[in-house]
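Trainee: coordinates only, sequence not included:
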Ligand SMILES: [Zn+2]
């Protein structure tokens with residue numbers, strides 16, 4: 001399993017879930033890979049993109065398109081995997097081939113069921129108390145690409161705005177561990 005706490009630098013609530021996961025016991029029956037922050041420069045600057053202004057969620061090689069001029073909010077970069085951060089994450093995914101991938105975003109407060117493992121998404125949504133919604137699948141998005149590496153594996157969880165409460169963080173960690181424990 002792969003967990004990415006923050007891909008858009010100004011959507012960082014999932015980082016607390018990632019840290020709480022790694023602070024807990026390692027699962028006995030699964031390999032759990034946690035990237036708390038894929039976009040450290042964006043998180044420090046409170047920007048969606050990285051220091052090059054690239055939106056990683058348009059920079060992956062799944063139907064990549066040259067979206068947006070540099071400086072625009074969804075600038076896709078100079079080409080697929082033009083950024084060191086997205087190259088690293090893509091290399092990890094190719095190597096590990098996670099059977100489940102969860103990418104945290106904000107602030108829509110929904111589990112995105114447009115792609116990925118439907119039964120797992122449904123149970124996850126019920127467990128954390130978010131509605132299910134099918135969001136637009138964007139050109140070059142990380143989950144779209146991950147699903148070309150391992151079919152029906154990756155999905156987006158849109159957290160509510162602002163930081164998560166301690167109780168909420170525990171609920172998300174429990175929902176992730178439920179996925180792991182159910183094999
Ligand atoms: Zn986002």
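Mentor: That came through, no problem. Small disclaimer: the values here were computed from a predicted structure and weren't measured.

Trainee: Residue most distant from the centroid, this protein?
Mentor: Computed with Cα atoms, centre = their mean, the residue of the chain farthest from its C-alpha average is residue 69, at 23.9 Å.

Trainee: Was I right to think it contacts residue 75?
Mentor: Yes. Counting by Cβ atoms under 8 Å, residue 69 does reach residue 75; the two are 6.7 Å apart. The C-beta positions use only the backbone N, C-alpha and C, and glycine is treated the same way.

Trainee: Can you give me the neighbour number for residue 17?
Mentor: Here the count is done by other Cβ atoms under 10 Å, and residue 17 has 28 residues near it.

Trainee: Please apply the same query to residue 26.
Mentor: That count, for residue 26 with other Cβ under 10 Å as the rule, works out to 9.

Trainee: can you check residue 111 too?
Mentor: 26.

Trainee: beta partners of it?
Mentor: Beta-bridge partners for residue 111, by DSSP bridges, are residue 132, residue 157.

Trainee: what kind of secondary structure is the residue farthest from the centre of the chain in?
Mentor: What DSSP: H, G, I helix; E, B strand; the rest coil gives for residue 69 is coil.

Trainee: surely residue 38 meets residue 85?
Mentor: Yes. Counting by Cβ under 8 Å, residue 38 does reach residue 85; the two are 5.7 Å apart.

Trainee: which neighbours do these two share?
Mentor: Overlap of the contact sets of residue 38 and residue 85 (by Cβ atoms under 8 Å, 6 or more residues apart in numbering) consists of residue 56.

Trainee: And the pLDDT for residue 58?
Mentor: Looking at residue 58, its pLDDT stands at 97.

Trainee: Run through the residues that contact it.
Mentor: 64-65, 67-68, 74-77, 138-141.

Trainee: How about residue 62?
Mentor: Taking Cβ under 8 Å, 6+ apart as the test, what residue 62 contacts is 139-141, 144-145, 147-148.

Trainee: please redo it, this time with the cut-off set to 10 Å
Mentor: With contacts defined as Cβ atoms under 10 Å, 6 or more residues apart in numbering, the neighbours of residue 62 are 80, 137-149.

Trainee: Residue 14 versus that one, what's the distance?
Mentor: 21 Å (Cβ to Cβ, to the nearest Å).
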